[in-house]
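*Asks:* Any chance you could fold what I've pasted below:
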Amino acid sequence: MQKQLKVSVLSGNCSCMQKFLLIQSRAEDQASDAEYNSFLKLGSLNPDEVHRVRGEQDGVLNNINPSDYSAVLVGGGPFSMSDPENEKTLEQKNFEKEMNRLFDEILEKDIPCLAVCYGIGLSTKHQGGVVSKKYGEDIGVKDITLSETGMKDVLLKDLPATFRAVVGHKEACEIAPSNAVVLASSDTCPVQMMRFGKNVYITQFHPELEIETLAERIRIYKNYGYFKPEEAQSIIDKVQGEDISSPWLILGKFIERYRT
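*Replies:* Next up, the predicted model:
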């Protein structure tokens, strides 16, 4: 059985607080809604604390200023930074352009940010590292191991040195940017989590997923090339009973740290 996640309940009126910005890039409504609801649940967030933006929709990021928010959350998605430019859709190119603009400010000002999965490709390329398909991982649950620095980080110091987390990605950070601090790795992917400055966190694994949400996502993306479509149910069966509660603490602690 999965551990019970201890979450705090926000009381009172949130109008005195800046909101969290959640940027998504999933065009499938079911997947996007499920991701949004997962961030709310596992981050102990109220809907009125979050400004949700569907970044894959053209033009919606044009007037976004990350300095207007308590912190920025970036969800995952099917885009790949390492795809050849001539294979990228116009929507993907526009999204990458706008995200690069946002990362210019986020990284320059050290604006609190937690970006998952696709975010590691965006930030790695933005900061001069190498993104490739060398360290892609099949969808499933893996052991994630903290580095010595990671074990001392304010978001990670209460986690086990090794914990289970959901992965599933075609590309990954092959060479970390020189200004990145690597906080965690796995045996098949050397950069599972890194930090820029003091406040910008990037994970390759998913701290926003429960097993039920993962199963739903597997069904939605079974024809997107992550695995053979006929393998979807066997992958879902394999992850049943996995304890993936430790990564939830990362999301929860991030929200609590930057809520006010």
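*Asks:* Dihedrals phi and psi, T149?
*Replies:* phi -70, psi -40 (degrees, to the nearest 10).
*Asks:* looking at it, it is touching S185, isn't it?
*Replies:* No: look at T149 against S185 with C-beta atoms under 8 Å: they stay out of range, at 11.5 Å. C-beta coordinates here come from the backbone N, C-alpha and C atoms, glycine included.
*Asks:* Need the overlap of contacts for these two.
*Replies:* Residues touching both T149 and S185 (C-beta atoms under 8 Å, 6 or more residues apart in numbering): there are none.
*Asks:* Those two: which is more packed in?
*Replies:* Taking neighbours as other C-beta atoms under 10 Å, T149 and S185 compare with S185 leading, 20 against 14.
*Asks:* Could you pull out the helices in the stretch 101-250 of the chain for me?
*Replies:* 118-126, 148-152, 211-220, 232-239, 246-258 (DSSP state H, counting those that start in this stretch).
*Asks:* Sort out which residues of the fourth one are buried, please.
*Replies:* Which is helix 232-239. By 16 or more other C-beta atoms under 10 Å, the buried positions in helix 232-239 come out as A232, I235, I236, V239.
*Asks:* Chain neighbours aside, what residue packs nearest to the first one?
*Replies:* Nearest-residue entry for A232: K222, 4.3 Å, with adjacent residues in sequence omitted and distances by C-beta to C-beta, 6 or more residues apart in numbering.
*Asks:* From A115, how far off is the one you found?
*Replies:* Computed as C-beta to C-beta, to the nearest Å, the K222 to A115 distance reads 25 Å.
*Asks:* Between the two, which is the more surrounded one?
*Replies:* A115 (23 against 19).
*Asks:* Residues in a beta bridge with the spatially closest residue to that one that is not a sequence neighbour, which ones?
*Replies:* Leaving aside its sequence neighbours, A115 sits nearest to V74 (C-beta to C-beta, 6+ apart; 3.6 Å). For V74, the beta-bridge partners under DSSP bridges are I23, A115.
*Asks:* Next one: V166 from I211, what distance?
*Replies:* V166 sits 8 Å away from I211, going by C-beta to C-beta.
*Asks:* List the residues that are in contact with both of the two.
*Replies:* Common contact partners of V166 and I211 (C-beta under 8 Å, 6+ apart): V239, I244.
*Asks:* Look at these two and report which has more neighbours.
*Replies:* The neighbour comparison of V166 against I211 (other C-beta under 10 Å) goes to V166, with 25 against 17.
*Asks:* which residues does the more buried one contact?
*Replies:* Contacts of V166 (C-beta under 8 Å, 6+ apart): I139, G140, V141, F205, H206, L209, L214, V239, I244, P247.
*Asks:* Recalculate using a threshold of 7 Å.
*Replies:* Residues near V166 by C-beta atoms under 7 Å, 6 or more residues apart in numbering: V141, F205, H206, L209, L214, I244.
*Asks:* Show residues contacting the biggest strand by length in the chain.
*Replies:* What stands out as the longest strand in the chain, according to DSSP state E, is strand 137-146. For strand 137-146, contacts defined as C-beta under 7 Å, 6+ apart pick out 156, 159, 161-169, 183-186, 188-189, 192, 205, 218, 226-227, 235, 238-239, 242, 244.
*Asks:* Filter those residues down to the ones in strands?
*Replies:* Assigned to strands by DSSP E, the following of the contacts of strand 137-146 qualify: 162-169, 183-186, 189, 192.
*Asks:* Show residues contacting stretch 100-116.
*Replies:* Stretch 100-116 has contacts (C-beta under 7 Å, 6+ apart) with 64, 66-67, 71-76, 122-123, 126-127, 196-203, 206-208, 251, 254, 258.
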